[in-house]
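Trainee: Sequence plus predicted model, see below.
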Amino acid sequence: DARVTQTPRHKVTEMGQEVTMRCQPILGHNTVFWYRQTMMQGLELLAYFRNRAPLDDSGMPKDRFSAEMPDATLATLKIQPSEPRDSAVYFCASGLTGVAYEQYFGPGTRLTVT
Amino acid sequence: GQNIDQPTEMTATEGAIVQINCTYQTSGFNGLFWYQQHAGEAPTFLSYNVLDGLEEKGRFSSFLSRSKGYSYLLLKELQMKDSASYLCAVRTDPSTDSWGKLQFGAGTQVVVTP
């Protein structure tokens, strides 16, 4: 049963610290998405990649957030420095262009910045 | 701009039918998705419409009218496990990517009562 995995599942950190979230997309999927979900804003797209190349990161605060895909099996989202307003659940999703239209979501990383 | 509207909450009785409406105004349209999200979990794919009409999948059906910018998700024979948030999402921007990013609505919380 192929699934998207994310680590860590929970992260509590102090303001100003660096946070790194990792995602392993489903093997063979060529598109990866990073979302952030809060009660106030709902589910927002931060960035997405196709074949490891960044296609759109317009939803991401550029000064503190960065997203990369070092290889096809790993996507990372970093926040440096973190702020309390970054507290949210961060989801990674993957999919396959041209075949399936749906995105498969990982379980999420619940981030709390104090 | 982009705008996707759906009701905040709906309550229905076990065994009944509930219809969740979604209206959208987006720049570009390349399909509408419905996702289910249980509390504390990741969204999971329910349905996809790109042409006008009704798509049926078991107890769930989804309808689309592109000219009206309108969709609904119909849940029949409601079960307690259907209590969840239902997210409407529009795939936009097909000109730059054959599989464009998703813009999500805020979600409709469905509460099923005994």
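Mentor: Received the coordinates, thanks. Numbering: from 1, shown residues only, chains lettered A, B, ... in the order given.
Trainee: Show me what counts as buried in stretch A:47-56.
Mentor: Buried residues in stretch A:47-56, defined by neighbour count with 16 or more other CB atoms under 10 Å in any protein chain shown: A:47, A:48, A:49, A:50, A:55, A:56. Glycine gets a C-beta too; all of them are placed from N, C-alpha and C.
Trainee: The residues you listed in strands, which ones?
Mentor: A:47, A:48, A:49, A:50, A:55, A:56 (DSSP state E).
Trainee: Could you list which of those residues also contact chain B?
Mentor: Contacts with chain B within these, as defined by CB under 8 Å from any CB of the partner chain: A:48, A:50, A:55, A:56.
Trainee: Just flag the most distant two among those residues.
Mentor: Distance extremes for those: the farthest pair is A:50 and A:56 at 9.6 Å, using CB to CB.
Trainee: Let me see the confidence value for residue A:98.
Mentor: On the pLDDT scale, residue A:98 is placed at 64.
Trainee: Repeat that for residue B:1.
Mentor: If you check residue B:1, the pLDDT there is 54.
Trainee: In the beta-sheet assignment, what are the partners of the residue nearest to the spatial centre of chain A?
Mentor: The centroid of chain A falls nearest to residue A:34 when counting by CA atoms, centre = their mean (3.2 Å). Beta bridges link residue A:34 to residue A:47, residue A:92, judged by DSSP bridges.
Trainee: Distance check, it against chain B.
Mentor: Going from residue A:34 to chain B by CB to the nearest CB, to the nearest Å gives 11 Å.
Trainee: Is that residue in contact with residue A:94, as I believe?
Mentor: No. Contact criterion CB atoms under 8 Å: residue A:34 and residue A:94 do not qualify, at 10.6 Å.
Trainee: Overlap of the contact sets of these two?
Mentor: Common neighbours of residue A:34 and residue A:94, using CB atoms under 8 Å, 6 or more residues apart in numbering or on different chains, are residue A:23.
Trainee: Show me which residues of chain A are close to chain B?
Mentor: Within reach of chain B by CB under 8 Å from any CB, chain A has these residues: A:31, A:33, A:42-45, A:48, A:50, A:55-56, A:91, A:95, A:97-98, A:101-108.
Trainee: and after whichever strand or helix holds residue A:70, which helix or strand comes next?
Mentor: Using DSSP states H and E, residue A:70 sits in strand A:65-71. Using DSSP H and E, the helix or strand that follows strand A:65-71 in sequence is strand A:74-79.
Trainee: List the pairing partners of that following strand within its sheet, with orientation.
Mentor: Here strand A:74-79 is paired, per DSSP bridges, with strand A:19-24 (antiparallel), strand A:65-71 (antiparallel).
Trainee: Give me the contact list for the lowest-mean-pLDDT helix or strand in chain B.
Mentor: The helix or strand of chain B with the poorest confidence is strand B:102-104; it has a mean of 88 (mean pLDDT, DSSP states H and E). Strand B:102-104 is contacted by residues A:33, A:42-45, A:103, B:2, B:4, B:26, B:33, B:35, B:87-92 when judged by CB under 8 Å, 6+ apart.
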